[in-house]
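Visitor: sharing a model prediction with you, sequence too.
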Amino acid sequence: PLAALMFSADGNFVEACAAAYDRSAYALMKDSFEQGSYSLRKALGRGHVRVLDQAALKSLCPGISQKTLCHSFRNVNTIEELHQLHHSSRIIPEILAPAGTQEAARAAVNAGCDAVYLGGQLFGARAFAGNFDQEALLKTLDHCHLFGVRVYMTVNTLLKDPEMEQLIPYMEPYYRAGLDGVIVQDVGVIRALRKAYPSLALHGSTQMSIASSCGAEFLRAQGLTRVVPARELSLMEIRQIREQVDIEIEAFVHGAMCYAYSGKCLFSSFFGGRSGNRGRCAQPCRQLYDMGGGIREYSLSMKDMCTLSILPQLIDAGIDSFKIEGRMKNPSYVAAAVNAYRKARDAYLACFSGSEGRTDRERLSEDQRKAYRIMAEELTGQLMDIYNRGGFHTGYYETAGSWREEKGLEMISRERPNHDGVLAGRVESVSGP
């Protein structure tokens, strides 16, 4: 049985209970959300609202099991909680984790992520990640949904005509399994998916280079529910987009940074014969270059991003999703990063428990600021031990919208392109036996 959501004429919530015994019913239920109010549909699409009144649901569907309830829906368990969410202006950013393999996806879930993003066998920007065949991806969808974790799939390369013919049949099993969203770059892909699956959430990739509210509004008008802005934007510029356009903002908070604008590198094709825009980056930016005068260095190798120190400012800016880069990384890396950002986010939000409206770092007491700073430094040290390229950087968020040469130089790790480790100690002297 499938009970539809019921809405009054003004879009306010009246009554809701929903159940899905199988994947096709879940997909049908997602279609029924289309007539709801935008804010409530957005909450539903993000997974904040799934099971409503479980007691009422069981009375309508006596045979439904607790496992089915938890598998198909999550997080909001009563009508009262739904009302509170619907009328709250507080944004709780999701922690979005990379999953290059099934093991990494499970590590992310166990560490407390809110969502994972992953790629299938086709059309992903990380062709050399483990990626998922159809069986593994469907199993991962089931596993994530069991624990209330959303799953976004990457279809973020540029497709040619013969590939476009494969797109819709390729996506159908995942749509029917309740896929929560698709990350896209190609406008042809956007048009095809909107036509075939009108209720499937589409997220504009950072490779679309959306750098203004006009660009974000264009994507919203095309039916996209989320945008990952160009990586070169400052936090002030991202905040302006968030305030001016009714679309979710997803922003990178941790992991590798690409030297090229928004990852749209052409150097890989020229240097290595493999297109980064087709998911096969040769990473020429991690190579050693002769600078002349006997100087050899990794002139294009950027440090990894870490934003734990400025995460409160990102929360205050209204960013909806904190994205961790790393689909090529191992499960230990994924778990450590998710754990750190989950702890930092929750600690900052706890400072405003019981208060209304958005968070504001300026409202923190000196003791609260100090406690957060100490915690962020400790978590940053733990992540340094997992992986760093000669230190971390906060990226472009603090550039205040203008390029400064010294800022760019700080981002480069000239001495090595891979894990640098952390200082364990110094050898003061060596004595013989």
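Guide: Noted; the coordinates are in hand.

Visitor: can you report how many residues neighbour the nearest residue to Asp246 once chain neighbours are set aside?
Guide: Nearest residue to Asp246 in three dimensions, chain neighbours excluded: Arg220, at 6.7 Å (C-beta to C-beta, 6 or more residues apart in numbering). All C-beta atoms are positioned from the backbone trio N, CA, C, and that covers glycine. Around Arg220 sit 17 other residues, with neighbours defined as other C-beta atoms under 10 Å.

Visitor: check Lys264 too.
Guide: Summarising burial for Lys264: neighbours were counted as other C-beta under 10 Å, giving 15.

Visitor: torsion angles phi and psi at it?
Guide: Taking degrees, to the nearest 10, you get phi -90, psi 70 for the backbone angles of Lys264.

Visitor: now the residue lying closest to it once chain neighbours are set aside: how far from Pro331?
Guide: Computed as C-beta to C-beta, 6+ apart, the closest residue to Lys264 that is not its neighbour in sequence is Gln207, at 5.7 Å. Note on Gln207: its distance to Pro331, by C-beta to C-beta, to the nearest Å, is 26 Å.

Visitor: ok, the two, which is more surrounded?
Guide: For Gln207 against Pro331, the residue with the higher neighbour count under other C-beta under 10 Å is Gln207, and the figures read 26 against 19.

Visitor: that one contacts Thr154, correct?
Guide: No. Distance between Gln207 and Thr154: 10.6 Å, which falls outside the contact criterion (C-beta atoms under 8 Å).

Visitor: helices along the stretch 301-433 of the chain, start to end?
Guide: Along the stretch 301-433 of the chain, the stretches classed as helices by DSSP state H, counting those that start in this stretch are 311-316, 331-350, 366-386, 405-411.

Visitor: packing partners for the first one?
Guide: Spelled out, it's helix 311-316. Contact here means 3 or more C-beta pairs under 8 Å, 6 or more residues apart in numbering; DSSP states H and E; on that basis helix 311-316 packs against strand 248-255, helix 331-350.

Visitor: any idea how far it is from the chain center?
Guide: Its chain's average C-alpha position is 16 Å from that of helix 311-316, according to C-alpha atoms, centre = their mean, to the nearest Å.

Visitor: buried residues in it, which are they?
Guide: Leu311, Pro312, Gln313, Leu314, Ile315, Asp316 (16 or more other C-beta atoms under 10 Å).

Visitor: count the neighbours of the residue nearest to the first one when sequence neighbours are not counted for me.
Guide: Spatially, and ignoring its direct neighbours in sequence, Leu311 is nearest to Ala344 (5.0 Å; C-beta to C-beta, 6+ apart). Applying other C-beta under 10 Å, we find 24 other residues in the vicinity of Ala344.

Visitor: one step back: quick check: which element contains the residue nearest to Asp246?
Guide: Applying DSSP states H and E as the criterion places Arg220 in helix 213-221.

Visitor: now the angle between strand 248-255 and that helix, please.
Guide: Orientation of helix 213-221 against strand 248-255 (axes from the mean of the first three to the mean of the last three C-alpha atoms, to 10 degrees) gives an angle of 110 degrees.

Visitor: just give me how far helix 213-221 sits from the chain centre.
Guide: Averaged over its C-alpha atoms, helix 213-221 has a centre that lies 19 Å from its chain's centre (C-alpha atoms, centre = their mean).

Visitor: show me what secondary structure element comes after it.
Guide: strand 226-227.

Visitor: could you export the next helix-or-strand element following that next one as CSV, CA atoms only?
Guide: Scanning the chain past strand 226-227 towards its C-terminal end, the next helix or strand to appear is helix 235-244 (assignment: DSSP H and E). These are the backbone C-alpha positions of helix 235-244, laid out as CSV (Å, rounded to 0.1, in the frame of the first residue of the first chain):
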residue,chain,number,x,y,z
LEU,A,235,32.5,32.8,1.1
MET,A,236,31.0,36.3,0.7
GLU,A,237,30.1,35.5,-2.9
ILE,A,238,28.6,32.2,-1.9
ARG,A,239,26.5,33.8,0.8
GLN,A,240,25.2,36.3,-1.7
ILE,A,241,24.0,33.5,-4.0
ARG,A,242,22.4,31.7,-1.1
GLU,A,243,20.5,34.8,-0.1
GLN,A,244,19.3,35.8,-3.6
